[in-house]
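Student: okay, structure incoming, though there's no sequence with it:
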């Protein structure tokens, strides 16, 4: 194997037709990194013997220890097929669900992907996830069915059984692809229908509905994996062999004399060979014949394995000579037969040849990028391609051409930033010494030696000698100085070596990137339409430009060719290549779009499959090291695409990660690489949500409430807990009426649980709600915001209709039209309704285009919304956010406030008049003002209210504020506090419940360990949803849900209990109400009989609630001594 020179790689980079950008995707432990090793060994970067054992692309120590990949890493390979040369940029990605964000970063930069499947396990949960990710990014997949040796050695299947097993696996994969394709076609059809509906309605009334889904007309044959199409390779990466059907078709077309094209079509499928007639016939199974694939391919591989594993020397020699291979004596005598196997197979059916030739022939080059993919990349959020400025739409041609001309604008997408050790950068690598440097060093060593001799002998040289040798002696002194400066520079280099250098993992989509080039960095919220108006046409990043939001200018310091564990310096990189860029640390946080044209839009954000849910608080062991921790966390945030770093209101530094393995990796990085200090880590902070439910019909012993005899309860904990203070009126149906401290306004609020479908709908559409909120606020402030897109308006209309459909019944009449706000943060899963007279402002302003109305509530409506936002952000049970609650403001009485305001206004007018007369009398007078007014002005609270632009209106509002201010502070502040308290009391009079975050858990296990898996699940409050046996194997797939709070250590426990035979995949899925009431105490006779006075069986919800309250430093009602008994002395007193 020849190591390809850097010059050849650079030459190939200039030809986009010969470039392939691919990534390897699969479930965890299906053999991605082993396959990558085999492909790398074909380039001579590692030896063939080490392929599969070295795991070259797993460069981190913890990856090698755990045996799983944790980050996506790239390497460039050279491949020759016929007389055509190819450059393959290969990205290896992780399979563990915790690191699925790394898969997203890899997929964005590629044009095609290799899906690797374990021949024994078949399609696993993560296989489905990566197929979906590839589909969403519009990249073309090819399939490698790996670990076929396990079918021979472990499962001991016959070739015929193995063939039907492989057919099953292919069917499963194609079923997933088919489902993705069907959903896409149906979506497109639904969109077309909505467009044509308006037209068809006006043309004719009685239209016959067409039930065909449009699936019949669309061609999907190219999507599926089939060996006869050449997009499937059968392989065993650990044994170094792999083949596509073409290899055997070529071989047998010469031997049997059947045409190559015929063999290609018939080698896979229901065909058999009639040896007498030398014809290929159809219908092997009905006639009980061997399929061609078994007869010509699998039988040979099985017999080779049998011969080598049984050490049948004669047969092995016969096979080796007939195949024309050379096997060294070292391999054939090796104690492990697998070594011998590898030596034969890797020469007979080299896996790298099969996989790379499939990649080059079946996967697209950067030139073949589809128009659909380009449009998808360029349209952020709900914007359509047509709504982009014409200059931006012009860029689509550049994408499609993938042009490397000097005139083409440079467009680069950075998918992630990764940290590398400063020492590994090409500029810091030790270089071979030249002859001059060696001579200089030799001379220096001689002088130092001479110097030492003089010092040790201590001879005093005569005057003449001194004067004669002055020049010689001054040289060593100068040398001393240089050695000092050398040691100084060494120290600075060492300090710099401790630093982490960040490199951007990127791909060039258009133009040529050059070192030292000036370029725009576009943030995800950058809007080209806005900036093109401000910037002069034809401007570049080198010009002196006005500052524009979400856009910065930077210089590309270094360009690197990514070579797995190493980097190579490059001067320029043409379009269509994957590269590393140095010097963007200050400009890019996680991902960004770089361009020389300000018309370029930011690319659509990466879609991550896993949501970060596991939180821990970190702090340094020694408080003095806090700055290092803060800096370390900042670097960690930049280096990991999925981690979130927060500082909470309590001052805690919190890491939010995707799961336990991800958390462990982040903590190790923080300790050893980024902060380099000892840190203390808290117990995981588990998020909960608070909600309310309908009052239950039966009690804890399933007796109907109200029918049984109540007993005198000694401690009625619930009543104590929910004591409502004086001055707050509570109706029997849960309506709370409260007044502000100065008694100028009265509010009546009621809380109701939202139906589950509505909560789900609000969660799914949070981005849309955020867009509505932005548009409404700009309407209220009369800002000129760009016109809202018609497509977004249609989506908002559809969202409103869905809400109306789900909120039906007498209680919810006209509820949708009365929605005032969503919360928390104005886009959460809770609703505020306004049911009082004289106020008509809703969230649907963007549909009606109504501007701000004039009413008596106008000045203070924001205070009510702010109070609602605060109440939904932290509930009364344990200060966690609310979910699925609707607050209805039924009354808002402001009559007293109005009277007071008019009275105060008259007083202030009189005062102004007297002031004026005084000023006229006296020429020089001291400035006087109304004392209460000035003090209240100082106290005035800034309450983000949406004022109107007219100065007169603003001043009237300010006057209203000051006129109503008193010892309780500004009136708007009082309203916020009152609304918040009213919401909390309205919650407390209803049955409160906690909601826990839930994981869906998929476990693959064999039948003998099923019982142990169930035991672990039930111990941790898990619930099994389904269990099915995998066809053709003895594996069961168990689907369960598990609370996040109980999931820590779950994977390890399952592995221990099942001796490693079962491993779970945990993905955050939804929020679920914990059925028990956290404040429940036995109150009826039956409950007393069943639970006892203390209710010893621990209430799960209360346990969670108290844990959160303790962590937050809130009051927890618990007894220090639970069961106190008199102490008994063991020895009797004599």
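Tutor: Received, thanks. Quick caveat: nothing in here was measured; it's all calculated off a predicted structure.
Student: partner strands of the helix or strand residue 23 falls within, parallel or antiparallel?
Tutor: Assigned by DSSP states H and E, residue 23 belongs to strand 19-26. Paired neighbours of strand 19-26 in the sheet (DSSP bridges): strand 84-92 (parallel), strand 112-118 (parallel).
Student: want to throw those strands into a markdown table with mean neighbour count, distance to residue 559 and mean pLDDT?
Tutor: Heads up, the C-betas are built off the backbone N, CA and C, glycines and all. Formatted as a markdown table, the strands paired with strand 19-26 follow (neighbours: other C-beta atoms under 10 Å; distance: least, C-beta to C-beta, whole Å; pLDDT from 0 to 100):
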| stretch | mean neighbour count | distance to residue 559 | mean pLDDT |
| --- | --- | --- | --- |
| strand 84-92 | 22 | 14 | 93 |
| strand 112-118 | 24 | 24 | 94 |
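Student: using TSV, lay out the ones you listed together with distance to residue 56.
Tutor: What follows is those, written out as TSV (distance: least, C-beta to C-beta, whole Å):
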stretch	distance to residue 56
strand 84-92	9
strand 112-118	16
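Student: and residue 563, which of those is closest to it?
Tutor: Residue 563 lies closest to strand 84-92 among the strands paired with strand 19-26, at 10.6 Å (C-beta to C-beta).
Student: what mean pLDDT does the helix or strand that the closest one is followed by get?
Tutor: Remark: after strand 84-92, the chain's next helix or strand is helix 100-108, criterion DSSP H and E. Averaged over helix 100-108, pLDDT sits at 91.
Student: who are the packing partners of helix 100-108?
Tutor: Here helix 100-108 is seen to pack against strand 19-26, helix 125-136, strand 411-421 when contacts are counted using 3 or more C-beta pairs under 8 Å, 6 or more residues apart in numbering; DSSP states H and E.
Student: go again with 6 Å.
Tutor: Helices and strands touching helix 100-108, as assessed by 3 or more C-beta pairs under 6 Å, 6 or more residues apart in numbering; DSSP states H and E, comprise strand 411-421.
Student: buried ones in the strand it packs on, by neighbour count?
Tutor: The neighbour-count check on strand 411-421 (16 or more other C-beta atoms under 10 Å) flags 411, 412, 413, 414, 415, 416, 417, 418, 419, 420 as buried.
Student: and what of stretch 1099-1113?
Tutor: Under the neighbour-count criterion of 16+ other C-beta under 10 Å, stretch 1099-1113 has 1099, 1100, 1101, 1102, 1104, 1105, 1106, 1107, 1108, 1109, 1111 buried.
Student: can I get the residues you listed in CSV with distance to residue 59, pLDDT and secondary structure?
Tutor: Listed next are the buried residues of stretch 1099-1113 as CSV, based on distance: C-beta to C-beta, whole Å; pLDDT from 0 to 100; DSSP: H, G, I helix; E, B strand; the rest coil:
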residue, distance to residue 59, pLDDT, secondary structure
1099, 49, 80, coil
1100, 44, 83, helix
1101, 46, 87, helix
1102, 48, 87, helix
1104, 41, 90, helix
1105, 45, 90, helix
1106, 45, 89, helix
1107, 40, 89, helix
1108, 40, 90, helix
1109, 45, 90, helix
1111, 38, 86, helix
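Student: just curious, which of the residues you listed is nearest to residue 1045?
Tutor: Relative to residue 1045, and with distances defined as C-beta to C-beta, the nearest of these is residue 1104, at 6.4 Å.
Student: residues touching the closest one, list them.
Tutor: Contact analysis of residue 1104 by C-beta atoms under 6 Å, 6 or more residues apart in numbering lists residue 994.
Student: at 7 Å what do you get?
Tutor: 688, 994, 1045 (C-beta atoms under 7 Å, 6 or more residues apart in numbering).
Student: if I look at it, how far off is residue 674?
Tutor: Residue 1104 sits at a distance of 33 Å from residue 674 (criterion: C-beta to C-beta, to the nearest Å).
Student: state the next helix or strand along the chain beyond the strand holding residue 23.
Tutor: As assigned by DSSP H and E, the chain's next helix or strand after strand 19-26 is helix 32-41.
Student: which outside residues touch that next one?
Tutor: 1, 24, 26, 46-48, 51-52, 54-58, 69, 75, 77, 90, 92, 95, 116, 144, 146, 237-238, 240, 351-352, 355-356.
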